[in-house]
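1. sequence first, predicted coordinates after that:
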Amino acid sequence: MEVQTFTAKSFFDGINSINDSKITMVMFSKPNCKYCIKCYEDYSKLAEKLDKNIYTIAKINCEEYSDIGSNLKNSPKLNKPVTYPTFIMYKNNMFYKQYYGLRTTQEFKLALYNISTE
């Protein structure tokens, strides 16, 4: 499996299609953000290691789709300020939680496994 690239439309379609057995992690980023570039390698390795029937690993360019970035910044569920990259996990067709851990393949994987067992 590889990292899926969401557009504004596919983001909402993708989130709305999540069922009880599927967990999605989305990386909200900007292409020129050095922190986004730095952690993307580990994030993409994560996609290679997970079962695509259980997990979706995706990214969205918040510079290209600024309406998504604006909605993200205005979300009452997220702490302010939103910085890039921001990682959000979705389960059961809805926001589950924001990821604050280390940005390594192993830590991403652990966070997703923990959600799948809750």
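-> Done, it's in.

2. quick check: residue 85 touching residue 34?
-> No - with contact defined as C-beta atoms under 8 Å, residue 85 does not reach residue 34; the gap is 10.5 Å. (C-beta placed from N, C-alpha, C; glycine too.)

3. more neighbours: which of the two?
-> residue 85 (21 against 8; other C-beta atoms under 10 Å).

4. now for the more buried one: which residues touch it?
-> Residue 85 is in contact with 27, 28, 29, 33, 35, 36, 39, 103, counting by C-beta atoms under 8 Å, 6 or more residues apart in numbering.

5. now these: which count as buried?
-> By neighbour count, with 16 or more other C-beta atoms under 10 Å, the contacts of residue 85 hold 27, 28, 29, 33, 36, 39, 103 as buried.

6. save those as a markdown table, and put in distance to residue 67 too.
-> Shown next, in a markdown table, are the buried ones among the contacts of residue 85 (distance: C-beta to C-beta, whole Å):
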| residue | distance to residue 67 |
| --- | --- |
| 27 | 17 |
| 28 | 12 |
| 29 | 15 |
| 33 | 18 |
| 36 | 19 |
| 39 | 24 |
| 103 | 25 |
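
7. the closest residue to residue 51 other than its chain neighbours and residue 82, how far apart?
-> Of all residues not flanking residue 51 in the chain, residue 1 sits nearest, at 8.0 Å (C-beta to C-beta, 6 or more residues apart in numbering). To residue 82, residue 1 is 27 Å away according to C-beta to C-beta, to the nearest Å.

8. who has more neighbours out of these two?
-> Per other C-beta under 10 Å, whichever of residue 1 and residue 82 has more neighbours is residue 82, with 17 against 14.

9. what residue ranges in the protein score low on pLDDT?
-> Within the chain, the segments meeting pLDDT under 70 span 14-21, 69-81.
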